[in-house]
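# Sequence first, predicted model second:
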Amino acid sequence: MDIEKVNSMDFGEFVDVFGNVIERCPLIAAAVWSQRPFSNLEDLEKHFFDFIDALPQSGREGILRCHPDLAGRELQQGTLSAESRREQSGAGLASLDADERLRLAELNAQYRARFGFPFVLAARRSHRAAVPRELARRLRCPPAQELRTALAEVKKIGHLRLADLLGTPPARL
Ligand SMILES: NC(=O)NC1=NC(=O)NC1=O
């Protein structure tokens, strides 16, 4: 899809296509639409990211809270968004054994209890062995730093989803 096609979209089509670039946050696409025309993918992506960066802390934390856990209940129940299911399965998280799943659930619960939002990581840039290791490492970070780290992961996920939608190779993040 080229940027001219994006710029020609009406509101409904734009939100249909880009509404889940940031997981379960169609509001962001709904807001970014009014910034058209976009000069290219980078410009479109910048508007998504600028919207996130301009939110108050409660809004940025809210974006994180819209993310399903990695290898969590939603993956088991098949209620993930298509994008999340592809990303989590691609990282091998759908084929964890019971012990691995339990360990991740425990770490996710500790993380959420400490920070008040779920652990978010760009699964396509990770793999099943690295997830618990990265979660355990980040669990020890100061909250302000961890909020920044988690949002950087949201942007990596958003970048990869936008690159898929526009058919452009993703940057090496
Ligand atoms: N909590 C998460 O990190 N969730 C996710 N990361 C991804 O890359 N896809 C997800 O659903």
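On my side now, so go ahead. Numbering: from 1, shown residues only.

# can you list the weak-confidence ranges in the chain?
Filtered on pLDDT under 70, the chain yields the residue ranges 173.

# All the helices of it, residue numbers only.
3-8, 11-18, 26-32, 41-54, 57-65, 73-77, 82-90, 98-115, 130-138, 143-166 (DSSP state H).

# Distance to Ala122 added to those, as CSV?
Bear in mind the C-beta positions are built from the backbone N, C-alpha and C, glycine included. Shown next, in CSV, are the helices of the chain (distance: least, C-beta to C-beta, whole Å):
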stretch, distance to Ala122
helix 3-8, 23
helix 11-18, 18
helix 26-32, 17
helix 41-54, 14
helix 57-65, 13
helix 73-77, 16
helix 82-90, 8
helix 98-115, 16
helix 130-138, 11
helix 143-166, 4
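
# Include mean neighbour count and distance to Arg172 when you put those helices into CSV, please.
As requested, the helices of the chain are exported to CSV (neighbours: other C-beta atoms under 10 Å; distance: least, C-beta to C-beta, whole Å):
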stretch, mean neighbour count, distance to Arg172
helix 3-8, 14, 22
helix 11-18, 16, 23
helix 26-32, 18, 24
helix 41-54, 16, 15
helix 57-65, 15, 24
helix 73-77, 13, 27
helix 82-90, 17, 17
helix 98-115, 15, 27
helix 130-138, 16, 17
helix 143-166, 18, 11
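
# Same list, those, but as CSV with distance to the ligand please.
Shown next, in CSV, are those (distance: least, C-beta to the nearest ligand atom, whole Å):
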stretch, distance to the ligand
helix 3-8, 23
helix 11-18, 16
helix 26-32, 16
helix 41-54, 15
helix 57-65, 8
helix 73-77, 8
helix 82-90, 3
helix 98-115, 8
helix 130-138, 9
helix 143-166, 5
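
# I'd assumed Arg124 was in contact with Leu160.
Yes. Using C-beta atoms under 8 Å, Leu160 is in contact with Arg124, at 5.5 Å.

# what is in contact with the two at once?
Common contacts of Leu160 and Arg124 (C-beta atoms under 8 Å, 6 or more residues apart in numbering): Glu87.

# What about the closest residue to Gly90 other than its chain neighbours, how many residues nearby?
Nearest non-adjacent residue to Gly90, counting by C-beta to C-beta, 6 or more residues apart in numbering: Arg124, 6.0 Å away. Arg124 has 18 neighbouring residues, counting by other C-beta atoms under 10 Å.

# Then Ala171?
Ala171, neighbours per other C-beta under 10 Å, totals 12.

# so how far is Ala163 from it?
Going from Ala171 to Ala163 by C-beta to C-beta, to the nearest Å gives 8 Å.
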